[in-house]
Every structure is written in structure tokens, then in C-alpha cells.
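K.L.:
give the three-dimensional model of this entry:
(one chain, ligands or ions: 4)
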Amino acid sequence: MPSLPQREIRHSVCALDCPDACSLLVTIEDGRATKLRGNPDHPVTRGFLCAKVAQYLERQYHPDRLLYPMRRTGAKGEGRFARIRWDEALDEIAANLQAISDEYGPEAILPYSYGGNMGFLNGNGMDRRFFHRLGASRLDRTICAAAGGAGLMQTLGSRYGTEPEQFAHSKLIIAWGANIMGTNVHLWPFIAEARRNGARLYTIDPVKNRTGRLADRHYFINPGSDLALALGLMHVIVKERLHDVEFVSQQSTHFDKLRDFVEKYPPEKVAALTGIGAEEIAGLAREYATTSPAVIRLNYGVQRSERGGAAVAAIAMLPALIGSWRQVGGGLQLSTSQAFQLNRAGLEMAELQERSPLKRQARMVNMTELAKALTVEADPPVKALFVYNSNPAAVAPDQNRVRKGLGRTDLFTVVSEQFQTDTADWADIVLPATTFLENTDLYFAYGHYHIQMARPALDPPGECKTNVEMFRLLARRMGFREPCFSETEDEMMAGLLGSAHPFLNGIDLDRLDREHSVRLNVSEPGTPFLPFASGPCNLDPALLEYTPPVESRLGSEDLRGLFPLEMISPKNDDSMNSTFGNRPAQDQETAVLYLNTADAAMRGITSGDQVRVFNGRGSLTLRAEVDGVTGPGVVSTPSTRWSKRAPDRRNCNVLTSERLTDMGGGATFYSCLVQVERCGD
Ligand SMILES: Nc1nc2c(c(=O)[nH]1)N[C@H]1C(S)=C(S)[C@@H](COP(=O)(O)OP(=O)(O)OC[C@H]3O[C@@H](n4cnc5c(=O)[nH]c(N)nc54)[C@H](O)[C@@H]3O)O[C@H]1N2
Ligand SMILES: Nc1nc2c(c(=O)[nH]1)N[C@H]1C(S)=C(S)[C@@H](COP(=O)(O)OP(=O)(O)OC[C@H]3O[C@@H](n4cnc5c(=O)[nH]c(N)nc54)[C@H](O)[C@@H]3O)O[C@H]1N2
Ligand code: SF4
Ligand SMILES: [Mo]
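P.N.:
Ligands and ions are numbered 1, 2, ... in the order given. Presented below is the predicted three-dimensional model:
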């Protein structure tokens, strides 16, 4: 990089796994960042940042940042390492991958990555090319949004929806399993504006979090029962003829089937399943159908449960039923990601698999089932694990089994990281990674429609490398000669933008260099648009029969007899999954178990007590907090801490299960039965 002038403001983009994808301004003085703030000119960032990234410079310059490659010197999991040179690290990795590929076939190598870096190039660019050319197992990236994505596709045929800016025009906003103040705070100013103009905000959540406390009304719902609630609302709307007959006939299919189907879900029955009163259900249905415009902010909390896919499919039918897609400020948003119709195939190059020793598409391994992949016999077995942009030892379900897998002495593990995480402790080789402030990349968003580009605001410290550069170097070490492995970042971005989709018309690299952020051509600003990409809204109820999750108070009798409480482990307001796990504040915030007064009293528990939370998969110690945060039968603990910083060296994922969702093969973190007792009892 050329030498930096004395004081300068540079643009960047927050690459954390967050719907807001903020536009950042970094003040640089004498080569050092002195201030980080939200870009006031960005239509969604609007000049402010969340509390966690407002402190990001502390992370950027933290003395614990990993700066050099390291080789393990202690036992696996012990976390003892010695510095080595990049050359040695690359040679050792290449030699091991080659030997494993020769002996077991390349599918014995498993990449493991998720949302640490949401940039296209560093998140799913050069890495994909590298692993495809190797012939490694493909990773099915299901841990977060797979069930919801599948549910949306079934009903809408796309994964996008209402633009955040349009929420300002709504009159009724339903935050459904969506902790807006905690996880999507840049939507809040639009909601606040709507409320100043008379809109009401309702929340539907088993936990009354920061957002619930600010709402006009909060509905405590039994975890995993949202499908039943959606069917109950549709029952009332259809029965009372509150649906939009014209919109339904013009823009949907299978309404007749749906009408007959929801007959079976009267409010009284749904009340017993959801824990919400029958009168309240009927009242909510009437208010939703007769308030115009009404919008639903659905978030991913709903789909981290066994019936999560069907729940999202059913909830996504509601706006079509009442025709709220017609209005600015109507509709629904779960995600906006699919509107970013870039040339991803050209970036990821799946065809490179044909040039691998496999000469075919490699097998798919579901990332939610990492414990299984590492501990259960398979052909071939997983012999090498390459982790980047993720911390599976902390965030993957069934942690005790994951750790057992990571502890295998015959598993060769590489971890590319910014910090010495739980997962990095299990590595054979650790490689130092850059932060997003040091990268060139192109960014989509899953909570708005502005595409953004960033160039490095800072030089990388020590010997940190971007994921792009790391995989470029590894490709060279492996002897891959294809020109795609020497592409520059600009060539990769130009390729991505080379998409014929009308949403991308007129958006190229030059324009992004000048403007940093450009709104996709999804619609004329301020006009409604229908997210039905491939035809009308599908109201077919074929997959929507409600059965409670196996792991719930209405589920398996055997399980609920032993473990009578349902545990939610939602996002912590001021964390980003485990990314800030080195912060002492995160240790405190995630050490708590919220209990309802009745459940606590029954167990002789009061606030401040240490409690043991356990089920058949594991046990952990937390500090009880007894207040109105959860309804009876439900406990909640904010996720996700670094296990190694907990006194008992584990986190809530020792309790969660690997069971998959009904659609999309997603994770069921929030279908989790536990028992709680006071420590010392
Ligand atoms: N501060 C902060 N922001 C984040 C993150 C973070 O860790 N911290 N993580 C980022 C990531 S990876 C994601 S995917 C997004 C997720 O963003 P959200 O989906 O908003 O986050 P969650 O906490 O998973 O779930 C939202 C809400 O759903 C509730 N919920 C749980 N089970 C159910 C249920 O069965 N029914 C209903 N109706 N509600 C339920 C939870 O109690 C929670 O309040 O946030 C991103 N932003
Ligand atoms: N109990 C429970 N468990 C959960 C959840 C929950 O709600 N409850 N949520 C689930 C969800 S929704 C998600 S998305 C997952 C999140 O799981 P992950 O995607 O694993 O997210 P993080 O824990 O934040 O870890 C990301 C890591 O990537 C690293 N990183 C960042 N940028 C780079 C880079 O450029 N290069 C490299 N090599 N590394 C980088 C960071 O330092 C960080 O340690 O967790 C899941 N686990
Ligand atoms: S985490 Fe989300 S809200 Fe915070 S700065 Fe990044 S994009 Fe914005
Ligand atoms: Mo996520």
C-alpha cells in the first residue's frame, strides 16, 4: 500500500454476520485508525453503529491478535503453539492434504467456514475454488438460515422481501422471533419513525428481550409453535373473510386447499399449542388483516427449531393472504440476500471439481452435523479439517461430541483465525488472518438492498493474510496451475459483477469505487414490489400439518419427563456469535440463565444462585436470573461465549442437539429440553 497521508477518512464495510452490513468511516492518523463510525450518508447505516462494532478498534489493535503462523507443541486442545514461518506452514499443510488425498481420496478433507467474514471474496471466493480443485468434501452451510431459506422458497419462490426503508410507512409492525434492538438495530429508526406516525409494534417471542420490552404488546409463545400460530391466524382471517380476495386470486395458487386446511386450526386449539390465549389470537388476526399497511419482520429465531422450515413457509403466506404486498410498508422481510444476483458460479467455480482427482462432484457434509462427521465411521472418514471464518468448537451443536472429534490424534486440523479461539486450540497449524478493515471485498446484505465495496483502510499487522491470499498461496503449493488462482481481487470482483440480472444494471467496479454503496435496481424507490421471483405465491399447505418438536414440552414424553424445561440460547445483544469471545463483558453476559419465577420457586432458586443446567448431552453451570424475561417452562441463556473462558470450560452448546429441521437440513439450537437445579443441592 502507498504510504498514508497524515489524516484521512477511509471507507469500509462491516463484514460481520449481521443483516445491517454497515457502511463505515475510518479515521486514519499517521497510519493508525483513531476513530470508527457509521457513515451518515448511507441510507440504512445513517451515521451510527451497534455497541459491539463501535468498539471494534479495540479488537483491531488488541495485543492478543494472532500475527504469525504457529505449529502445535502441546496436546490437542491444550492451546500450546510455537511460531513458524509461512513457508513452513504452507509446506506442511500442502504435504498433509496431499498425503490424505492420496491415501483416502480428497473427500477425506473437509472445509469448515461460516459467517466470520461476509465478503464475497473472503467468505466464498478463493476458498471455494481451492477446495473444489482439491476435490474436498463440500460443506452444506446450514447452521444459521437453511430452514428459513427453504420455507421462504417454498412460499415466495425467493429469499427477499420488504425493504427496510419502507418500514417507516407501516402502521402495524410484527417482530416475529426478531430481536431488532439486539441483532438488526439499523431497522429500528424506521420503526421509530413509523411509531411516531401512529404505528404499533408487537413482538412474538418466547423471550421478552430488549425489543419485547419496547413493544406495544408482547406475545409469549411456546418455542417451536409458530407454525401453529400462523395457521390459527389464517383460520380467523379466512373464516371472517378478512383476506384480500382479489390479491389472492391474482397473485397466489392453492388458496382453496389452504382454506380447507386451516379449518382444523381454530384459536382454541392453537392456544393450547402456543400458550397464547384464544381471544388474543383472534384479536391479533383481525388487527393484522385490517391494519394497512402491516408488515412482518420475521427473523431467524423462529427457524432454529424442528418445525422451523414449515413455520417460515406458513408465516410467509400471511402477507399474500391480506394483500399487504400491494402497499409501501407492507409485506414481510426475513432476508434480502437473494436480490444480490451476482455471478457467484463464476466466483466459486464448482466445475473445478472435474479437474480434481475425484473427477466428479464431491459429497456434501452438513455443517450442523460436524460432531457426526468427526466421530462416526464414514467412507472416506474425515482426516483433515480446514477451519476459517468460524469457531465450531464454540458454536456447533452437541459440543462434547464435537470436541471428541477435534481431539482425534489422526485428524489434521488447520485453523485460520484472528484470535486464539476455542477451535484454534485444537489446531495442528494456526494461520493469522486479517480483519475486514484490512481487506478488499464486495458485500451483499441480508437486511437491505445496497451493494458495497471496500478497499483496505489499514495495513495488516504482523504476517496476517486475507483468506484470498492464503488460498492463493496454498493453491500454488498444491501445484494448481489454473489461471483462476492468480486472479487479483479486482478481477474477481469484476467477474462477480458481470451478471446480466436487471437488479445489477449499471453497477460496476468503477461506480462502486466512486460511490462505495449502490442500491440494487429491485424497484423504483418508494414503490412496493413483489418478491415472487418465479410465479405467484404458493399457498399449498401440504407440508404444514403441525406436530410439536420432539424436544419440547408437548413433544417426546420420555424426554420431557426427565428434562421439563425448554432452553433458548438466542443472540447476545452486544456480541456477534462467538467473535468477541475474548471480551470480559461477553463472559459476564453469557454466564446467565433466565428463569421464570414459577420454575425458579419450584427449585428453590433465587437470582444470583449458581445453577446446573443439564440434559442427556451435557451439563453446564450458569448464574440464575429470575425475572419476567421468559414464560413458565422456558429458560434462556444468551449465546455464545468462548468455552475455555468459562469456569467449567464449556458453553450452552454442550446442551444443544444435532437434530435437523424439517426443511433445509438446518440446526435446531432452540428445540432443546433441559433440567435445572441449584448447585450444591
Ligand atoms: N447482537 C448480535 N447481533 C447479531 C448476532 C449476535 O450474535 N449478536 N448474530 C447474527 C446472526 S449470525 C444472525 S443469524 C442474526 C439472527 O438474528 P435473530 O434471528 O434476530 O436472532 P436470534 O437471537 O437467533 O432469534 C431472534 C429471536 O427469536 C426468538 N426465538 C427463539 N425461538 C423462537 C421460537 O420458537 N419462536 C419465536 N417466535 N421466537 C423464537 C429468540 O428468543 C430471539 O429473541 O443476528 C445477527 N446479529
Ligand atoms: N447455542 C447457539 N449456538 C449457535 C447460535 C445460537 O443462536 N445459539 N447461532 C448459530 C448461528 S445463527 C450462526 S451464524 C453460527 C455462527 O458461527 P460462526 O460463523 O462460527 O461465527 P463466530 O462464532 O462469530 O466465529 C467467526 C470466526 O471467524 C473469525 N474471522 C473473522 N473474519 C475472518 C477472516 O477474514 N478470516 C478468517 N480466517 N477468520 C475470520 C472470527 O475471528 C471468529 O472467530 O453460530 C450458531 N451457533
Ligand atoms: S454488526 Fe451489524 S449493526 Fe454492527 S456495525 Fe456491523 S453491520 Fe452494523
Ligand atoms: Mo447466523
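K.L.:
quick one: residues contacting the closest residue to residue 353 other than its chain neighbours.
P.N.:
Beyond its immediate neighbours in the sequence, the residue positioned closest to residue 353 (C-beta to C-beta, 6 or more residues apart in numbering) is residue 132, lying 4.9 Å away. All C-beta atoms are positioned from the backbone trio N, CA, C, and that covers glycine. Residues touching residue 132, when contacts are defined by C-beta atoms under 8 Å, 6 or more residues apart in numbering, comprise 348, 349, 350, 351, 352, 353, 356, 362.
K.L.:
run the last query once more with 10 Å
P.N.:
Under the criterion of C-beta atoms under 10 Å, 6 or more residues apart in numbering, the neighbours of residue 132 are 111, 138, 348-356, 358, 361-362, 484.
K.L.:
can you give me how far the longest helix seen in the chain is from the chain middle?
P.N.:
With DSSP state H setting the assignment, residue counts place helix 86-104 as the longest helix in the chain. Distance of helix 86-104 from the chain centroid (C-alpha atoms, centre = their mean, to the nearest Å) equals 32 Å.
K.L.:
identify each buried residue in that helix, please.
P.N.:
89, 90, 92, 93, 94, 96, 97, 100, 101, 104 (16 or more other C-beta atoms under 10 Å).
K.L.:
kindly report the same for stretch 198-216.
P.N.:
Result for stretch 198-216 [16+ other C-beta under 10 Å]: buried residues 199-209, 211-212, 214-215.
K.L.:
do the same with stretch 481-500
P.N.:
Residues 484, 485, 487, 489, 492, 493, 494, 495, 496, 497, 499 are the ones in stretch 481-500 that count as buried (16+ other C-beta under 10 Å).
K.L.:
tell me the one of the residues you listed nearest residue 298?
P.N.:
Here the nearest of the buried residues of stretch 481-500 to residue 298, counting by C-beta to C-beta, is residue 499; it sits at 27.4 Å.
K.L.:
quick one: contacts for residue 541?
P.N.:
231, 234, 254, 257-262, 264, 310, 313-314, 317.
K.L.:
tell me which element the residue nearest to it when sequence neighbours are not counted falls in.
P.N.:
The shortest distance from residue 541 to any residue that is not its chain neighbour, by C-beta to C-beta, 6+ apart, is 3.9 Å, and that residue is residue 261. In the assignment (DSSP states H and E), residue 261 maps to helix 255-262.
K.L.:
and for residue 475?
P.N.:
Under the criterion DSSP H and E, the helix or strand holding residue 475 is helix 467-477.
K.L.:
so which bits of that helix are buried?
P.N.:
467, 468, 469, 470, 471, 472, 473, 474, 475, 477.
K.L.:
per-residue pLDDT, the residue of the stretch 301-450 of the chain found nearest ligand 1?
P.N.:
Closest contact between the stretch 301-450 of the chain and ligand 1, by C-beta to the nearest ligand atom, is at residue 301 (1.9 Å). Residue 301 is assigned 97 on the pLDDT scale.
K.L.:
that one belongs to a helix?
P.N.:
Yes: Residue 301 forms part of a helix when assessed by DSSP: H, G, I helix; E, B strand; the rest coil.
K.L.:
I'd say it and residue 183 touch.
P.N.:
Yes: with contacts defined as C-beta atoms under 10 Å, residue 301 counts as touching residue 183 at a distance of 8.9 Å.
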